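Trainee: my questions concern the predicted model and sequence given below.
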Protein chains: 2
Amino acid sequence: MAAGSPRPTSRDVAQAAGVSQAAVSLVLGEKWRGRVSERTAERVREAARELGYRPNLAARNLRLGSTRTVLLVVPALTTEFFAGVYTGAARVAAEHGFGVVLYPSPEGIGPARDPFASAQAALDGVIASSMAADALTAIRGDQLPLVMLDSDPAGSTGAATVNLDIRDGVRQVAEHLLGLGHRRFLHLAADIASWTFEVRARELAERLAAVPGTELRTVCAPISIEGALTAAESALAAPGPRPTALVCDDDKLAAGAYKAARRLGLRVPDDLSITGLDDLALATAIDPELTTVRLDAELFGERGMEALLAVMEAREPPQGDIPVELVVRGSTAPPGAP
Amino acid sequence: MAAGSPRPTSRDVAQAAGVSQAAVSLVLGEKWRGRVSERTAERVREAARELGYRPNLAARNLRLGSTRTVLLVVPALTTEFFAGVYTGAARVAAEHGFGVVLYPSPEGIGPARDPFASAQAALDGVIASSMAADALTAIRGDQLPLVMLDSDPAGSTGAATVNLDIRDGVRQVAEHLLGLGHRRFLHLAADIASWTFEVRARELAERLAAVPGTELRTVCAPISIEGALTAAESALAAPGPRPTALVCDDDKLAAGAYKAARRLGLRVPDDLSITGLDDLALATAIDPELTTVRLDAELFGERGMEALLAVMEAREPPQGDIPVELVVRGSTAPPGAP
DNA sequence: CGAGCGACGTTATACGTAAAACTTCCGCCG
DNA sequence: CGGCGGAAGTTTTACGTATAACGTCGCTCG
């Protein structure tokens, strides 16, 4: 293992072990049942260890025409949610001998490099979450197996989808708040044109419309604490009867809403109930702790990877949305409580 | 671009354009100044576009012996800090024609796959942050250019390091609190054996030791809100005079400390001043907003990548720590304030 | 006794690209 | 007019691996 010397190749190992390069490949490829004697196999392994041999992946990929590598495209890494998705996907991938490469969408990263250029390696498949349309066409152009996370199952792309049952989560939130007696609602929505947010808006509207005497206003904000703060503050300060329940599209928006409430002198939950969606660490950091919908990010990633494996093997991907769970904490109470 | 057909190769393009494969390689490689006429070059480009040609990266990597891909090893993605590091590193990398692959440390991911197996692609270099020692030896075994983030510059590895000036950050925190009049301190430390945390402890102790009449106790906790909560609660409830200032190793610990204070009926900052370190979104989500040290994650990533480029080109990596800045918010006040 | 077969390997080839080395043609200058 | 140099390509080779195709024994069985 002399320093500075070029990496040893399988041919070097072969020479050291006194066999042919093919034999090395057979032994190290674990596919030598009746092809090589146990004694030579051991000699080869010994030589490989001795030289510190590592197969050249570029060569292997070229030969096999596949890299056993998959790309996970996420919109951002500004919360721990997609870290969980990655963890789940990577676990399942590893069980099948695949690796996962992470690509956070090109916010702030030069547009010159698309996901594929960035990953450099050839890819065997893609899991994409809430992505921009242009990046999507780039993918389809490559004709790669594709699974979309949290996207319209009836979308025009025809790609397989894996979704959290956000609809059910919003339903649970609505029932919870209606059950507490709330009738005047404000929806603090994310200002992103994405299916997963459209679902929230639609489901909430439908659930509330089913109950006579309810009101629903909606205000959009960028997904950041600052953005939510200003949007929520002006909406809550608007004339007319004040909403008693504030449904936020995610936990970060909810955190901004807390600050808006505080500025306006509103107590949570006495004057205003607030709900989130995600169940980030943030949800239990703020006071009172946030009533929110728990999303199982790791399971989401696992299911995504399982679906991709199915697509790659030309099997039918598994169906069924991933269940979510309402977590009731201190940010919700009956309206007008003391 | 018939569907299902195998991807076109440079040879297909050559045939379509009526030239040799070498000509295609020359034209598309942008290195054909005096080698190919403008007219044929255009024909080649046209044919490539027509067929939807994408070079096979595995083949290119094999030929060039380099992948222009770099690995960024991060301890976790549970806060947005390392997302910022990635963004910065990726920006600089893109400017130099490099891609960055992200590898979150193997918490929960099968140990069977080391970073290199995971990245699948061969790598040209590694930027590693606060990593475990065994993973490090795996890297050194590969003799790859390596830059360490937030690691002991006098460490035994001899690798280049890029550091935030955490020492100065802690100094600023100490001066701020001492200036407010605090004398009894509690240090809520991360229970991770890592240089970056050792620096915090050492610097804080030194700064306080320089002022007569100060007291310092230390308690360790896992970096999570829950962990910080229990550790801080029992430490604050301990007998003897209560500390008036609580210095936390990062913002997440500080968030847990808020909850501990609340449970014990202590008001922040009147009864207890609290400081963090990181300036995450979390810092402004909690009430009162957290006095903390702002770390420029993107700049950190940029510097890391610049250093790695220097190492790869056998240049001397740039020296100098990255400055940090104390951000004073509402969580600190003079002790015993009304 | 020779055909056949299994064990144990080896030789040869292909993957798709980049680039060094070579060919051909032509214009131009001494 | 001979040769030189440059433009415009082409032919060839190498990168490191996996595997199909091909020996070569020694033994067994009909």
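Mentor: Looks like it came in fine.
Trainee: okay, now the domains of chain A?
Mentor: Per automatic domain parsing, the structural domains of chain A span A:10-55, A:67-163+A:298-312, A:166-294.
Trainee: distance from the first one to the middle of the chain?
Mentor: Distance of domain A:10-55 from its chain centroid, counting by Cα atoms, centre = their mean, to the nearest Å, is 41 Å.
Trainee: what is the burial count for the closest residue to DNA strand C within the stretch 151-300 of chain A?
Mentor: Sorted by distance to DNA strand C under Cβ to the nearest atom of the strand, the residues of the stretch 151-300 of chain A start with A:Ala159, at 24.9 Å. The C-beta positions use only the backbone N, C-alpha and C, and glycine is treated the same way. Residues near A:Ala159, counting by other Cβ atoms under 10 Å in any protein chain shown, number 20.
Trainee: got a pLDDT number for A:Ala135?
Mentor: Reading off the confidence values, A:Ala135 has pLDDT 60.
Trainee: now do A:Ala254
Mentor: On pLDDT, A:Ala254 comes in at 98.
Trainee: and what of A:Leu102?
Mentor: At A:Leu102, pLDDT is 83.
Trainee: what helix or strand does it sit in?
Mentor: strand A:99-104 (DSSP states H and E).
Trainee: sheet-wise, list the partners of that strand with their directions.
Mentor: Using DSSP bridges, the strands paired with strand A:99-104 are strand A:69-74 (parallel).
Trainee: the strand it pairs with vs DNA strand D: in contact?
Mentor: No. Counting by Cβ under 7 Å from any atom of the strand, no contacts exist between strand A:69-74 and DNA strand D, the nearest distance being 14.6 Å.
Trainee: what do you get for stretch A:29-45?
Mentor: Yes. Using Cβ under 7 Å from any atom of the strand, stretch A:29-45 reaches DNA strand D at A:29, A:31.
Trainee: could you give the average pLDDT over that stretch?
Mentor: 89.
Trainee: same deal with stretch A:168-188?
Mentor: 98.
Trainee: now the strands for the stretch 151-300 of chain A?
Mentor: Using DSSP state E, counting those that start in this stretch, the strands of the stretch 151-300 of chain A run over residues A:160-162, A:184-190, A:215-221, A:245-248, A:273-275, A:292-294.
Trainee: and for the stretch 1-150 of chain A?
Mentor: Going by DSSP E, counting those that start in this stretch, the stretch 1-150 of chain A shows strands at A:69-74, A:99-104, A:125-129, A:146-149.
Trainee: tell me which of those lies nearest to DNA strand C.
Mentor: Of all those, strand A:69-74 sits nearest to DNA strand C, with 16.5 Å by Cβ to the nearest atom of the strand.
Trainee: let me have the strands of the stretch 1-150 of chain A in TSV, extended by mean neighbour count.
Mentor: Formatted as TSV, the strands of the stretch 1-150 of chain A follow (neighbours: other Cβ atoms under 10 Å in any protein chain shown):
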stretch	mean neighbour count
strand A:69-74	25
strand A:99-104	25
strand A:125-129	25
strand A:146-149	26
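Trainee: wait, which of these is closest to B:Arg33?
Mentor: strand A:99-104 (34.2 Å; Cβ to Cβ).
Trainee: picking up where we left off before, to B:Ala48, which of the strands of the stretch 151-300 of chain A lies closest?
Mentor: strand A:160-162 (30.4 Å).
Trainee: what pairs with that closest one, and is each one parallel or antiparallel?
Mentor: strand A:146-149 (parallel).
Trainee: CA atoms of the strand it pairs with as CSV?
Mentor: Provided in CSV are the C-alpha atoms of strand A:146-149 (Å, rounded to 0.1, in the frame of the first residue of the first chain):
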residue,chain,number,x,y,z
LEU,A,146,-39.5,7.6,-11.5
VAL,A,147,-41.5,7.7,-8.4
MET,A,148,-43.2,11.0,-7.3
LEU,A,149,-43.7,11.8,-3.6
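Trainee: where do the helices sit along chain A?
Mentor: For chain A, the helices defined by DSSP state H occupy A:10-17, A:21-28, A:38-51, A:57-64, A:81-95, A:115-119, A:133-142, A:166-180, A:195-209, A:225-236, A:251-263, A:282-285, A:297-312.
Trainee: the first one vs helix A:38-51, what angle?
Mentor: In this case it means helix A:10-17. 120 degrees (axes from the mean of the first three to the mean of the last three Cα atoms, to 10 degrees).
Trainee: who touches the nearest residue to A:Ala283 once chain neighbours are set aside in this structure?
Mentor: Computed as Cβ to Cβ, 6 or more residues apart in numbering or on different chains, the closest residue to A:Ala283 that is not its neighbour in sequence is A:Leu290, at 4.1 Å. By Cβ atoms under 8 Å, 6 or more residues apart in numbering or on different chains, the residues touching A:Leu290 are A:251, A:254-255, A:274-276, A:282-284, A:329-331.
Trainee: ok, the strand holding A:Leu102 near DNA strand D or not?
Mentor: No. Strand A:99-104 stays clear of DNA strand D (Cβ under 7 Å from any atom of the strand), getting no nearer than 14.9 Å.
Trainee: A:Ser273 against A:His182, yeah?
Mentor: Yes. If you go by Cβ atoms under 8 Å, A:Ser273 and A:His182 touch, sitting 6.5 Å apart.
Trainee: give me the number of neighbouring residues for the nearest residue to A:Ser105 once chain neighbours are set aside.
Mentor: In space, and not counting its chain neighbours, A:Ser105 is closest to A:Pro75: 5.1 Å by Cβ to Cβ, 6+ apart. Burial of A:Pro75 is recorded as 20 neighbouring residues (other Cβ under 10 Å).
Trainee: do the same with A:Val211
Mentor: Neighbourhood size, A:Val211 [other Cβ under 10 Å]: 12.
Trainee: can you give me phi and psi for it?
Mentor: For A:Val211, the backbone dihedrals (degrees, to the nearest 10) come out as phi -110, psi 120.
Trainee: let me see the contact set for it.
Mentor: A:178, A:183.
Trainee: how far away is it from DNA strand D?
Mentor: 62 Å (Cβ to the nearest atom of the strand, to the nearest Å).
Trainee: show me the shaky parts of the stretch 101-250 of chain A.
Mentor: A:106-121, A:131-142, A:156 (pLDDT under 70).
Trainee: pick out the residue of it closest to DNA strand D.
Mentor: Closest approach between the stretch 101-250 of chain A and DNA strand D, counting by Cβ to the nearest atom of the strand: A:Ala122, at 13.3 Å.
Trainee: hmm, back to that, including mean neighbour count, could the strands of the stretch 151-300 of chain A go into JSON lines?
Mentor: Formatted as JSON lines, those follow (neighbours: other Cβ under 10 Å):
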{"stretch": "strand A:160-162", "mean neighbour count": "23"}
{"stretch": "strand A:184-190", "mean neighbour count": "22"}
{"stretch": "strand A:215-221", "mean neighbour count": "16"}
{"stretch": "strand A:245-248", "mean neighbour count": "29"}
{"stretch": "strand A:273-275", "mean neighbour count": "28"}
{"stretch": "strand A:292-294", "mean neighbour count": "24"}
